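Chemist: What follows is a predicted structure for the sequence shown.
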Amino acid sequence: QAYASASLAQVYHGWLHNGEEVAVKVQRPGIRRQVSLDLCILRRGLDYYGNTISSWLSSSAMSAQQLDDLKELLDAWASGFYSELNFELEGERQMLFREKIMPNVRG
């Protein structure tokens, strides 16, 4: 039974062979494919409907540069989102946080 759940994963209790209790984060099946599909739809939609969307947001059409900037923003966001799916990288960052930050925390 999961004790925590989010859009990308669920977290379960687990125990190591030495008896230490741990949290086990399990990525939802098919989430990478679903994220890829969603981001592809967003990107293609932006390519196809970019100027229409801009007219909804303002009285003047979006310039080509603004549309390119929006595409770059979406691409950068997508790249960051994919890093959220890399649980090994997340684990490395948590260990670095524990090593560098936690010793300085008082309380």
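Modeler: Sure thing, it's come through.

Chemist: Tell me where this structure has helices.
Modeler: 31-57, 64-84, 87-100 (DSSP state H).

Chemist: mind putting those in CSV, distance to residue 21 and mean pLDDT included?
Modeler: (Glycine included, C-beta is placed from N, CA and C.) Below are the helices of the chain laid out as CSV (distance: least, Cβ to Cβ, whole Å; pLDDT from 0 to 100):
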stretch, distance to residue 21, mean pLDDT
helix 31-57, 26, 83
helix 64-84, 25, 86
helix 87-100, 16, 92
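
Chemist: between those, which gets nearest to residue 22?
Modeler: Closest of the helices of the chain to residue 22 is helix 87-100, at 11.3 Å (criterion: Cβ to Cβ).

Chemist: quick one, the closest one and helix 64-84 angle?
Modeler: 80 degrees (axes from the mean of the first three to the mean of the last three Cα atoms, to 10 degrees).

Chemist: So which residues make contact with helix 87-100?
Modeler: The contact list for helix 87-100 (Cβ atoms under 8 Å, 6 or more residues apart in numbering) reads 9, 25, 27, 83, 84.

Chemist: again, 7 Å this time
Modeler: With Cβ atoms under 7 Å, 6 or more residues apart in numbering as the test, helix 87-100 has contacts from 25, 27, 83.

Chemist: Now tabulate the residues you listed in JSON lines and tack on distance to residue 33 and neighbour count.
Modeler: JSON lines is the format used below for those (distance: Cβ to Cβ, whole Å; neighbours: other Cβ atoms under 10 Å):
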{"residue": "25", "distance to residue 33": "19", "neighbour count": "17"}
{"residue": "27", "distance to residue 33": "11", "neighbour count": "13"}
{"residue": "83", "distance to residue 33": "17", "neighbour count": "10"}
